[in-house]
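Engineer: give the three-dimensional model of this entry:
(chains A and B)
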2 protein chains.
Amino acid sequence: MENTDQNKKPMAAGAPAEIEQLKQELAREHDMYLRALADFDNYRKRVERERATATRGGKREVMRPLLEVVDGFDRALNHIDDAPSSISQGVRALYRQLLGVLEAQGVTPLQSVGETFNPEVHDAIGLVESGEVEPGAVAEELQRGYRWGDEVLRPARVRVAR
Amino acid sequence: MENTDQNKKPMAAGAPAEIEQLKQELAREHDMYLRALADFDNYRKRVERERATATRGGKREVMRPLLEVVDGFDRALNHIDDAPSSISQGVRALYRQLLGVLEAQGVTPLQSVGETFNPEVHDAIGLVESGEVEPGAVAEELQRGYRWGDEVLRPARVRVAR
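Structural biologist: The predicted model follows:
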């Protein structure tokens, strides 16, 4: 209202001051607009990264405990040959099917025994004498490790040759 | 530069027009700023929803094929008693472990046989005579369905009583 009244006034000495003030407001408003756009843009970029991370996080949450089911299969398959062959074949088929679910996501087992100990993929739980591998190499694998793309889904638990 | 020159000019008849123009620019600029904020806010809300959706999507992508492994177990367990009890117990333990991974995510089996046919949770693949359930109820379940929170992770494949 006040502004409208001022508009109707004949030109006065206050006008240059008003123009100056309006220009400053305009500059500030434009600045706020640009900052809002920049914030939006940064947010959008961050979010794109987070979305991929969220999908991957969801998969990880299901796949990590699945590896323990695979471990269970690994143990069971050690004495499956006591069973009738129809049963042992059935269990092996289930095992392959389960591994297939993980493989479809790009999960692959890590080769550990004989490899040089690498703390990024090996979780060393002790040292052991070994006549078969070089000192500093993995001598025994107690739990298999799994890679998932660039990520170690689960490190292998190993004993390292002294 | 031009603007700066104008600032220095003594007050002229052009001033009210300039004030009017600046006010319009200011209003437009403010409008753009408000619109940018609103866009940002809408985007942020959408993204929060999408992030949860992405996590869930990742889980779904792993869990759906896992249900087929569960189906395989269901079939195998039908004749597991032919195996030595150490083997059958081992296979049952693996089965429970696998179901445990799904249960930890809130996945539960759907009860189908005897329930009124419901296209949201039942995938009817045929009609069948039944002396046991009412017409329009599920008479046979060919593949178990699973619920995941509010979502049907997989509908049950059923035959419906005529």
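Engineer: next helix or strand past the longest helix along chain A?
Structural biologist: Longest among the helix segments of chain A by residue count, using DSSP state H, is helix A:15-77. Downstream of helix A:15-77, the next assigned helix or strand under DSSP states H and E is helix A:85-104.
Engineer: that next one and chain B, are they touching?
Structural biologist: Yes - residues of helix A:85-104 contacting chain B under Cβ under 8 Å from any Cβ of the partner chain: A:Ser86, A:Ile87, A:Gly90, A:Val91, A:Ala93, A:Leu94, A:Gln97, A:Leu98, A:Gly100, A:Val101, A:Ala104. (Glycine included, C-beta is placed from N, CA and C.)
Engineer: for that helix, give me every contacting residue.
Structural biologist: The contact list for helix A:85-104 (Cβ atoms under 8 Å, 6 or more residues apart in numbering or on different chains) reads A:63, A:66-67, A:69-70, A:73, A:76-77, A:80-81, A:83, A:146, B:62, B:65-66, B:68-69, B:72-73, B:76, B:79-80, B:82-83, B:87, B:91, B:94, B:98.
Engineer: from the chain's centre, how far out does that helix sit?
Structural biologist: 27 Å (Cα atoms, centre = their mean, to the nearest Å).
Engineer: same check on stretch A:67-87?
Structural biologist: Relative to its parent chain, stretch A:67-87 has a centroid offset of 31 Å by Cα atoms, centre = their mean.
Engineer: so which bits of it are buried?
Structural biologist: A:Leu67, A:Val69, A:Val70, A:Gly72, A:Phe73, A:Ala76, A:Ile80, A:Ala83, A:Ile87 (16 or more other Cβ atoms under 10 Å in any protein chain shown).
Engineer: and the residues you listed as TSV, adding pLDDT and distance to B:Val121?
Structural biologist: What follows is these, written out as TSV (pLDDT from 0 to 100; distance: Cβ to Cβ, whole Å):
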residue	pLDDT	distance to B:Val121
A:Leu67	98	31
A:Val69	97	27
A:Val70	97	31
A:Gly72	94	31
A:Phe73	94	31
A:Ala76	89	33
A:Ile80	83	36
A:Ala83	80	36
A:Ile87	85	33
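Engineer: can I get these in TSV including distance to B:Tyr43?
Structural biologist: As requested, the buried residues of stretch A:67-87 are exported to TSV (distance: Cβ to Cβ, whole Å):
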residue	distance to B:Tyr43
A:Leu67	37
A:Val69	40
A:Val70	41
A:Gly72	45
A:Phe73	45
A:Ala76	50
A:Ile80	54
A:Ala83	58
A:Ile87	56
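Engineer: coming back round to it: elements contacting the longest helix of chain A?
Structural biologist: Helices and strands touching helix A:15-77, by 3 or more Cβ pairs under 8 Å, 6 or more residues apart in numbering or on different chains; DSSP states H and E, are helix A:85-104, strand A:146-148, strand A:151-154, helix B:2-8, helix B:15-77, helix B:85-104.
Engineer: extract the CA atoms of stretch A:141-156 and return them as PDB.
Structural biologist: Extracted C-alpha coordinates of stretch A:141-156, given in PDB (Å, rounded to 0.1, in the frame of the first residue of the first chain):
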ATOM      1  CA  GLU A 141      40.500 -70.400   5.000                       C
ATOM      2  CA  LEU A 142      38.100 -70.800   7.900                       C
ATOM      3  CA  GLN A 143      35.200 -68.900   6.200                       C
ATOM      4  CA  ARG A 144      35.100 -68.000   2.600                       C
ATOM      5  CA  GLY A 145      35.200 -64.400   1.600                       C
ATOM      6  CA  TYR A 146      33.000 -62.800  -1.100                       C
ATOM      7  CA  ARG A 147      33.500 -59.900  -3.500                       C
ATOM      8  CA  TRP A 148      30.700 -57.800  -4.800                       C
ATOM      9  CA  GLY A 149      31.900 -55.600  -7.600                       C
ATOM     10  CA  ASP A 150      34.400 -53.200  -6.200                       C
ATOM     11  CA  GLU A 151      33.300 -54.000  -2.700                       C
ATOM     12  CA  VAL A 152      34.300 -56.800  -0.300                       C
ATOM     13  CA  LEU A 153      30.900 -58.200   0.700                       C
ATOM     14  CA  ARG A 154      32.500 -60.300   3.400                       C
ATOM     15  CA  PRO A 155      36.300 -60.700   4.000                       C
ATOM     16  CA  ALA A 156      37.600 -64.300   4.300                       C
END
